[in-house]
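# Sequence first, predicted model second:
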Amino acid sequence: MNVDQKLDLFLKSAMDDAVAHKEQVLADLDAHYRKACDDYRREAETNAKKRLKDEYFKALRVIKNKEIIQAATESKKSLIDLRNQFYEDIFKNVEAKLLDFTQSAEYAEYLVNGIGKAAEGLPDAEAYLLPDHLKLVAGKKALARVALKNAEEDFWGGFRIKSGGLVIDNTFKTRFAEERRSVSMFKIV
C-alpha cells in the first residue's frame, strides 16, 4: 500500500470518525434538547396546575363569601321583617285594647283623675274630649274649675288640655304615635 492509499484510508477513517462524532454530538444535543423541553413542559404544567388550583380555590372562596354575605343579609332581612310584623301585631292589639278601654267603667274615672291632675294649677284650663267621652265626665265635681269642650278631631280617647299657650296632649292617638315612633327609632336597617 502506497502513501496515497494510506492517506486516503486515514482520511476516510478520520472522516468516518468525524461523521460518527458529529452524529453522536447531534444525538447528544437532540437528547439534551428533548430533556430540556420535557423538563420545561413538566415545570410549565406544574406551574399552570398550581396557578389554576390557586385561582380555582380563590374563586371558590369569593363565591363562598358572597353566598355567606347573601345568606346573612337575607337572614337579617327576615329577622327585621319578623320583628316588624311582631311590632305591628302588638300595636294593633294595643290599639284595640285602648279602644276597648274607652268603653269600660274605669275609663270615666281615668278621665276625671287625669284631667284633674293635668289641669291642677293651670288658670283658665280647657279640657278637650270626644263628644261621647265628654258625657262621661260632665258635671263631675272634681272638674268644676276646668272648662270641658268637644274636640274637633278624633283622637281615640284621652284628653287634651289647653291653658294660655300651653298644651298638654294626653290623647291615646298621640301617645300611641309616640310609642310607635320610639320603637321605629330602634329598627335595624
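Noted; the coordinates are in hand. Numbers count the residues shown, from 1 in each chain.

# Can you pull out the low-pLDDT segments for the chain?
Residue ranges of the chain with pLDDT under 70: 184-189.

# which residues in it form helices?
With helices called from DSSP state H, the chain shows them at 3-101, 106-119, 131-137, 172-184.

# So which of those helices is nearest residue 164?
helix 106-119 (12.3 Å; CB to CB). C-beta here means a position set from N, CA and C on the backbone, and glycine is covered the same way.

# what residues go with each domain of the protein?
The chain breaks down by automatic domain parsing into domains covering 1-79, 102-184.

# Can you tell me which of these is packed in deepest?
Among the domains of the chain, domain 102-184 has the highest mean neighbour count (mean count of other CB atoms under 10 Å), at a mean of 15.

# how about the nearest residue to residue 94, chain neighbours excluded?
Once flanking residues are discounted, residue 94 sits nearest to residue 176: 7.0 Å by CB to CB, 6 or more residues apart in numbering.

# for residue 137, same thing?
In space, residue 137 is closest to residue 111, 5.0 Å off (CB to CB, 6+ apart).

# List the contacts of that neighbour.
129, 133, 136-137, 158-159 (CB atoms under 8 Å, 6 or more residues apart in numbering).

# same deal with residue 122?
Taking CB under 8 Å, 6+ apart as the test, what residue 122 contacts is 161, 163, 166.

# could you redo the last one with a cut-off of 10 Å?
Residues near residue 122 by CB atoms under 10 Å, 6 or more residues apart in numbering: 145-146, 161-164, 166, 168.

# Kind regards, and thank you for your time.
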